[in-house]
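Visitor: Here you go, sequence then predicted model.
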Amino acid sequence: MKVDVILGLQWGDEGKGKIVDVLAPKYPVVARFQGGPNAGHSLQFGNQKFVLHTVPSGIFHHGTKNIIGNGVVIDPLIFAKEIEGLEQLGVPATERISIAQKAHLILPSHRIIDAATEASKGKQKIGSTLKGIGPAYVDKAGRNGLRVGDILSPSFLEKYTYLKSKHLEFLQSFDYEYNIEDYEAQWFKGIENLKRFELIDGAFVVNNYLQNSKKVLAEGAQGSLLDVDFGTYPFVTSSTTICAGACTGLGIAPNKIDKVYGIFKAYCTRVGSGPFPTELQDTTGEALRSIGNEFGATTGRPRRTGWLDLVALKYSIMINGVSELVITKADVMDSFDRIKIATTYKVNGKEQSLLPYDVQDGQIEPVYREFAGWKRDLSAVVREEELPFEFMNYIRFIEKETGVPISMISLGPDRAQTIIRQV
Ligand code: GDP
Ligand code: IMO
Ligand code: MG
């Protein structure tokens, strides 16, 4: 058996949580491969809404194992709160979740370093979620990090104290006030909570599932344009959000990957700083934000909004080897008279179809193609045949431009509001 990968093609929040939840019944295993509590994955069914941060989005399905892979960074306190919420709902979390021993821990001092470095950047700040993601991955790459497996070591406290002292020393170079004690006390309770879970050697476990004919769905966090190598650097996150991250974040070989589902919104959003060529700072942008409820699932910050950008989308499809596209949130534009899609960029007056090295707002003028709106409520449509002509026209244009079929159309936050197409 092989691994199917599902990931975001824009700047995150494409609807990954919802789509993983829809697909999960087909997979005995769902595995998160990177990111940490910077992620906010929303799921909705039966009038209930859930936001997951570290826990994979297959958690609500009986019979699905949820693996937190080695590529993930875990804040034990945030994770404990998430588990508490799930257990209150009656979800048997310890039964359904296994955690890779090689996943790294986010320390309380990582959070403080994240906040101090962001504060020192002033206008250049990344707009980080301030969950300590960047500093935790820095320690991982710098070979200083603490891993989940370390919590069982008799010298864990010693290792923790050493790394914390290094962090506090580093923090002296910032003019930044902080209090670590309160968070730290709860963090250690979170460490005890982690011990309730099965801690696994993720690579062996995942490969063993595949050998035993069990299909695995690898769930990405963030989006391709936030990837540390291929995103709009430096306004990115610190992990490999693209398909290759599923290999390094779970311990699977590239030839074990089968389908790659690329999810994109019918428009674009971005939370935090950084370039966004098709951003709309007008009433249309405001309409996308208010109708689409575009406020961060993790931080509550308003998301920036703009038209769909095919230049960026094609780039993401190329880097990930996307085999099937999933479009979400087109229903948000139900009332729009006209809908635009950027097909190329004009950079310094010259038209180009490739994403430039240095994506800088102001220098890029998107070239748009306009479509007539469908002017119908799509949120209750369940059959493809019932979709309006104008909408299908829009879908077919994207398929033709990208050369990739759209196999799922999401028309609302609920798991039931999903059309699966034969492609
Ligand atoms: P993720 O991080 O990719 O899982 O996405 P988020 O959960 O952060 O953001 C997506 C938001 O859109 C959530 O509030 C979802 O409930 C909602 N959503 C997902 N798909 C659709 C859709 O097709 N239509 C509408 N209107 N909302 C959707
Ligand atoms: P999901 O999985 C949207 C953004 C932050 C910031 C930048 C770096 O829900 O799609 P970080 O905290 O990682 O150092 O922040 O990345 N960011 C996200 N934006 N969705 C996410 O996750 C994000 N995770 C990080 O806003 O601009
Ligand atoms: Mg999100």
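Guide: It's in. Ligands and ions are numbered 1, 2, ... in the order given.
Visitor: Tell me which helix or strand comes right after the longest helix along the chain.
Guide: Counting by DSSP state H, the longest helix found in the chain is helix 156-171. The helix or strand immediately downstream of helix 156-171 is helix 181-194, counting by DSSP states H and E.
Visitor: Could you list every helix and strand that that following helix packs against?
Guide: Helices and strands touching helix 181-194, as assessed by 3 or more CB pairs under 8 Å, 6 or more residues apart in numbering; DSSP states H and E, comprise helix 76-88, helix 108-121. Just so you know, the C-beta spots here come from the backbone N, C-alpha and C atoms, and that holds for glycine as well.
Visitor: Please list the residues of the stretch 151-300 of the chain that sit near ligand 3.
Guide: residue 297 (CB under 5 Å from the ion).
Visitor: Now for the residue of the stretch 151-300 of the chain found nearest ligand 3: which residues touch it?
Guide: Residue of the stretch 151-300 of the chain nearest ligand 3, by CB to the ion: residue 297 (4.5 Å). Going by CB atoms under 8 Å, 6 or more residues apart in numbering, residue 297 touches 13, 40-42, 51.
Visitor: Apply 7 Å and report the result again.
Guide: Residues in contact with residue 297 (CB atoms under 7 Å, 6 or more residues apart in numbering) are 13, 40, 42, 51.
Visitor: Chain neighbours aside, what residue packs nearest to the first one?
Guide: Looking back up the chat, that one is residue 13. residue 269 (5.9 Å; CB to CB, 6 or more residues apart in numbering).
Visitor: What is the helix or strand containing the one you found packed up against?
Guide: Element membership for residue 269, per DSSP H and E: strand 267-270. Secondary-structure packing of strand 267-270 (3 or more CB pairs under 7 Å, 6 or more residues apart in numbering; DSSP states H and E): strand 304-309.
Visitor: hang on, the earlier thing: state the mean pLDDT of the very next helix or strand once past the strand holding residue 269.
Guide: As assigned by DSSP H and E, the chain's next helix or strand after strand 267-270 is helix 283-291. Averaged across helix 283-291, the pLDDT comes to 98.
Visitor: And for stretch 353-364?
Guide: 85.
Visitor: chain center to it, what's the gap?
Guide: Counting by CA atoms, centre = their mean, to the nearest Å, stretch 353-364 is centred 23 Å from the centre of its parent chain.
Visitor: Mind listing residues that contact that stretch?
Guide: Here stretch 353-364 has contacts from 232, 275-277, 311-312, 315, 344-345, 347-348, using CB under 7 Å, 6+ apart.
Visitor: Now distance to residue 136 and secondary structure too, for those, in TSV please.
Guide: Below are the contacts of stretch 353-364 laid out as TSV (distance: CB to CB, whole Å; DSSP: H, G, I helix; E, B strand; the rest coil):
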residue	distance to residue 136	secondary structure
232	21	coil
275	25	coil
276	26	coil
277	30	coil
311	32	helix
312	27	helix
315	28	helix
344	38	strand
345	35	strand
347	36	strand
348	39	coil
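Visitor: near ligand 2, which residues of the stretch 201-350 of the chain show up?
Guide: Contacts of the stretch 201-350 of the chain with ligand 2, taken as CB under 6 Å from any ligand atom, map to 221-223, 226, 237, 271-272, 297.
Visitor: Narrow these to those in strands?
Guide: Cross-referencing those against strands under DSSP state E gives no overlap.
Visitor: And those, which is closest to ligand 2?
Guide: Within these, the smallest distance to ligand 2 is 2.1 Å, found for residue 272 (CB to the nearest ligand atom).
Visitor: doesn't residue 126 make contact with that closest one?
Guide: Yes. Residue 272 lies in contact with residue 126 (CB atoms under 7 Å); the separation is 6.2 Å.
Visitor: shared neighbours of the two, anything?
Guide: residue 235.
Visitor: OK, contacts around residue 381?
Guide: Here residue 381 is in contact with 387, 411 (CB under 7 Å, 6+ apart).
Visitor: and residue 148, how many residues sit next to it?
Guide: The local packing of residue 148 (other CB atoms under 10 Å) involves 26 other residues.
Visitor: nearest spatial neighbour of it, skipping sequence neighbours?
Guide: residue 103 (4.9 Å).
Visitor: Show residues contacting the strand holding residue 269.
Guide: For strand 267-270, using CB under 7 Å, 6+ apart, the contacting residues are 10-11, 13, 276, 278, 288, 294, 303-309, 333.
Visitor: CA atoms only for that strand - export them in CSV, please.
Guide: Provided in CSV are the C-alpha atoms of strand 267-270 (Å, rounded to 0.1, in the frame of the first residue of the first chain):
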residue,chain,number,x,y,z
TYR,A,267,-9.7,32.9,-3.6
CYS,A,268,-6.6,33.6,-1.6
THR,A,269,-6.0,34.4,2.1
ARG,A,270,-2.9,35.1,4.1
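Visitor: And it, what's buried?
Guide: 267-270 (16 or more other CB atoms under 10 Å).
Visitor: same question, stretch 95-103
Guide: For stretch 95-103, burial by neighbour count (16+ other CB under 10 Å) applies to 96-100, 102-103.
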